[in-house]
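Asks: Build me a structure from this.
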Amino acid sequence: MLFINIRRIDMMKANHIVHNKLLIIILLMAWVSSSQAEYCASEPPPEGLKKRCHSKSITVPENYKRFEKKINMWMKSCLSSKRVSKLVDENPSLNEVWGWVSSHKGRKFKIIPNYKPLSWINRRGKSCYGVESISFDVERKKGIVAGMDDGFTVTKDKTNDLQAAILKSINALETTDLTRKPVKRMRCVLEMLKNRKSSTDDTYFNLQPGIDLTDNLNPNACYKIGKYGSGKPAYDYHCREGADALRSCSNSFKKYLKNMVKYRNNNEIVESLLNKESVINGGLNWYRTVMNSTNGVMLCKQTKTHLLPALRKRLNSKKSIYSCYD
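Replies: Residues are numbered from 1 along each chain as shown. Sure, this is the predicted structure:
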């Protein structure tokens, strides 16, 4: 008899536990159902979503898998997790975006989701809105135009922009003949900027006045003021003032590099780099021609007092990009 009572008590306890669990499950389901029923955007997307869901600046990662993961995490802050997997995974528009930005690793781009709205009437008879599908795109300077692969609007990030430009330029040079002297010099300059970063003096001078290196009255020279072909003789083009002459002839290689690589492929980058190397080397040849001249080459006073000393200083500095020129 005692055995039967104990067994009956155990069964009652077990039934009580099962009852409580079922009650908890029912309450949770009711809460979830109630929460879903209460959620009802009154406006179609993107207006019906949080502002963070309208666009996002994303740094381009190493591969597509990481890129897709970033988009997934972002979209999960806007939509339910189940919906995100259906809307983002294997999305063809996201693959297109990756194709446009994948060659700009380390740089930031603003990603724009174009939402196709989903509408329904809830139990209370209210019109609700959600997201049926998403087409991703990249913000561009001239608006968002499907199929355009240039003119991207890049989020400003000075450090990342420069490092990405350096790496992209080095990779581009790998596609050409590395034994050529101009290529070696450019590679040296890029490696200096990569390793020493802010300590490198990237100033270069476009001192070569024209076709004839000794024609120092040529109005095309950076230290001259005047327009060639105006009908006036060369000597009518006067010299710039000292500080103005130095400023007019000084250029930043870092600034050139960041602007140059934005929308160019490898072949175009190599061509631009070698053209710039020719400019730097041409100015250096002009300097040597002037310094070695025994004919008393006519120079602007400012060239003697400002430009030549500035270049001479950098030729003697190991921190200058001119150290790559022998």
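Asks: CA only for contacts and neighbour counts going forward, please
Replies: Noted.
Asks: Sketch out the low-pLDDT regions of this structure for me.
Replies: Along the chain, segments meeting pLDDT under 70 span 1-39, 140-160, 197, 208-221, 225-237, 262-263, 293-299, 302.
Asks: how many neighbours does residue 51 have?
Replies: 11 (other CA atoms under 10 Å).
Asks: what's around residue 49, how many residues?
Replies: Neighbours of residue 49 (other CA under 10 Å): 18.
Asks: now do residue 198
Replies: Counted by other CA under 10 Å, the residues lying close to residue 198 total 12.
Asks: who's in contact with it?
Replies: Shown in contact with residue 198 (CA atoms under 8 Å, 6 or more residues apart in numbering): no residues.
Asks: same thing with residue 120?
Replies: Residues in contact with residue 120 (CA under 8 Å, 6+ apart) are 127, 128, 129.
Asks: wait, the last one sits on residue 47?
Replies: No: counting by CA atoms under 8 Å, no contact exists between residue 129 and residue 47, whose distance comes to 10.3 Å.
Asks: between those two, who's got more neighbours?
Replies: More neighbours surround residue 129 than the other of residue 129 and residue 47, with 19 against 12 (other CA under 10 Å).
Asks: about what we covered before: what about the contacts of residue 120, which are in helices?
Replies: With DSSP state H as the criterion, helices contain none of those.
Asks: ok, the residues you listed vs residue 267, which is closest?
Replies: residue 129 (48.3 Å; CA to CA).
Asks: how near is residue 102 to residue 75?
Replies: Distance of residue 102 to residue 75, given as CA to CA, to the nearest Å: 20 Å.
Asks: Can you show me the strands along this protein?
Replies: According to DSSP state E, the chain carries its strands in the segments 56-59, 108-121, 127-138, 203-205, 250-252.
Asks: So which of the ones you listed is the most surrounded?
Replies: Stretch with highest mean neighbour count among those: strand 203-205 (a mean of 21; mean count of other CA atoms under 10 Å).
Asks: now the contacts of residue 120 as JSON lines including distance to residue 320?
Replies: Converted to JSON lines, those look like this (distance: CA to CA, whole Å):
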{"residue": "127", "distance to residue 320": "67"}
{"residue": "128", "distance to residue 320": "64"}
{"residue": "129", "distance to residue 320": "60"}
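Asks: and the residue nearest to residue 252 when sequence neighbours are not counted, what does it touch?
Replies: Excluding its sequence neighbours, the residue lying closest to residue 252 (CA to CA, 6 or more residues apart in numbering) is residue 203, at 4.9 Å. Listed by CA under 8 Å, 6+ apart, the contact set of residue 203 reads 250, 251, 252, 253, 320, 321.
Asks: How about the contacts made by the third one?
Replies: By that I understand residue 252. Contact analysis of residue 252 by CA under 8 Å, 6+ apart lists 202, 203, 204.
Asks: So what are the structural domains in the chain, by residue number?
Replies: Per automatic domain parsing, the structural domains of the chain span 51-155, 159-324.
Asks: Just put the ones you listed in CSV and tack on distance to residue 42.
Replies: Shown next, in CSV, are these (distance: least, CA to CA, whole Å):
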stretch, distance to residue 42
domain 51-155, 6
domain 159-324, 40
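Asks: Looking at residue 102 and residue 75, which is more packed in?
Replies: residue 75 (20 against 17).
Asks: wait, that one sits on residue 86?
Replies: No: applying CA under 8 Å as the test, residue 75 and residue 86 come out as separate, 11.3 Å apart.
Asks: Name the residues that touch stretch 90-104?
Replies: For stretch 90-104, the surrounding residues in contact (CA under 8 Å, 6+ apart) are 60, 62-64, 67-68, 88, 109, 135-138, 149, 164, 168.
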